[in-house]
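S.K.: Here is my input, please return the structure:
(2 chains)
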Amino acid sequence: MRSDESGVAGFFEDLPVLAFVLCGVMLLVSSGLWTSVRLATLREDEQLQELASRSVERIVQRIESLTTTFETPMLESIAQSNLSQFVEELLGSIHFSVNISSPHAANGWHMGFRDDCSGGITDTASASRLFNAQDSTGMVLVIEVRLIVWKD
Amino acid sequence: MSGRIESDDLGQLAIMDAVVFFAGAILISSSILSFSNIQPAIEEQSDASLEASYLLDCVLSASIGSNLSVDAGHPMHLSRQTLVRDCIAFEGDCLFRGVEASGFSDLNLIVMRMLKECAPPSVDPYLLIVYKSYSEPLLALPHIPDDVRERIASSVTLTLEGGSEIMVVLVLCPPAPSELDEI
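M.R.: Numbering: from 1, shown residues only, chains lettered A, B, ... in the order given. Next up is the predicted model:
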């Protein structure tokens, strides 16, 4: 039986070549995978953020549509409106927490509600929007609607 | 036949090729990774601009919240229901006519407090009142520091009783570095 010495030499000489090529391929594959996962996560975050921004706009539109005789909506009519059901219908399976307050008033908190969620949280997003509302004394306040949405 | 394993020049060329391939892979990977870190800066800028617009509009449409007196050459009482928009228009008109700004210090304090409390915590609000035919502001609350790189502004034009106009400009700037150090 004849041994092929040049074949053995070729094999050992090619090992570093193989190592460099494998490392290069692994580097390309891992960075490609990491980037695609990151872009997918970013896209999900953007979608959730977009949903939060659109929803907070819809909530303010809903509040502003409550006004009948006054130019600005009344705080009482906001409290009496069924906003939580509206937000539930708007967001579907997405969990939410809504806080309506007046940032510049001494006792500024007006109302808040959230859905019944006890699970873990994966993605979150928030959005807020300012609008004006009138209290019972005729004062026009700056009101902030802050919406937090999350997925479990 | 000797037992020595011989090296081959072709092997040396192959390893050079592999090193070049590896260097290329590093280059491509780093460009892919840097691409994934690009942030949507333009969208954030337009959101911030919209936020400034809402903030200015809402504060101008709100009531001042406390009864106060201003010195417009003669003492004048403002009720707590008076809208900020009307007060600013009145102040702008008085300042244009040469009334001292110190007479409106309480009103300016209230307006700035409202702006600070309603603005996002990451920015400081500055308010300018500019008579439309003049480039220099009638009033700057407070003076905008010169070393601020990033500014977001929104403006509203108010028409005075005589038909002349003033422009109210809200500028939102990130806090100065010295303030951040204190935090």
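
S.K.: where does chain B dip in pLDDT?
M.R.: B:1-12, B:38-46, B:134-135, B:146-148, B:176-183 (pLDDT under 70).

S.K.: And chain A, is the lengthiest helix in it touching that?
M.R.: Assignment by DSSP state H gives helix B:9-36 as the longest helix of chain B. Yes - Helix B:9-36 comes into contact with chain A (Cβ under 8 Å from any Cβ of the partner chain), by way of B:11, B:14-15, B:17-19, B:21-22, B:24-26, B:28-30, B:32-33, B:35-36. No exception for glycine: its C-beta is placed from N, CA and C like everyone else's.

S.K.: Buried members of these into ChimeraX, please.
M.R.: A single ChimeraX command is used to select the members of those judged buried by 16 or more other Cβ atoms under 10 Å in any protein chain shown:
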select /B:11,14,15,18,21,22,25,29
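
S.K.: Could you verify my assumption that A:Asp135 touches A:Ile143?
M.R.: No - at 10.0 Å, A:Asp135 does not count as touching A:Ile143 under the criterion of Cβ atoms under 8 Å.

S.K.: all helices of chain B, in order?
M.R.: B:9-36, B:41-60, B:84-96, B:105-118, B:177-182.

S.K.: counting contacts, what elements does the first one pack onto?
M.R.: Counting contacts by 3 or more Cβ pairs under 8 Å, 6 or more residues apart in numbering or on different chains; DSSP states H and E, helix B:9-36 is packed against helix A:5-64.

S.K.: Please point out which parts of the next helix-or-strand element following the helix it packs on sit buried.
M.R.: Under the assignment DSSP states H and E, the closest C-terminal helix or strand after helix A:5-64 is helix A:75-80. Neighbour-count burial for helix A:75-80, counted by 16+ other Cβ under 10 Å, picks out A:75, A:78.

S.K.: Show me what helix A:75-80 packs onto, helices and strands only.
M.R.: With contacts defined as 3+ Cβ pairs under 8 Å, 6+ apart, helix A:75-80 has these neighbours: strand A:109-114, strand A:124-134.

S.K.: just flag whichever of the ones you listed has the lowest average confidence.
M.R.: Sorting the helices and strands packed on helix A:75-80 by mean pLDDT places strand A:109-114 lowest, at a mean of 83.

S.K.: can you list the residues that contact it?
M.R.: A:75, A:78-79, A:83-84, A:87, A:95-102, A:143 (Cβ atoms under 8 Å, 6 or more residues apart in numbering or on different chains).

S.K.: strand partners of that strand, parallel vs antiparallel please.
M.R.: strand A:95-101 (antiparallel) (DSSP bridges).

S.K.: The partner strand to helix A:5-64, inter-axis angle?
M.R.: Strand A:95-101 and helix A:5-64 meet at an angle of 40 degrees, taking axes from the mean of the first three to the mean of the last three Cα atoms, to 10 degrees as the criterion.
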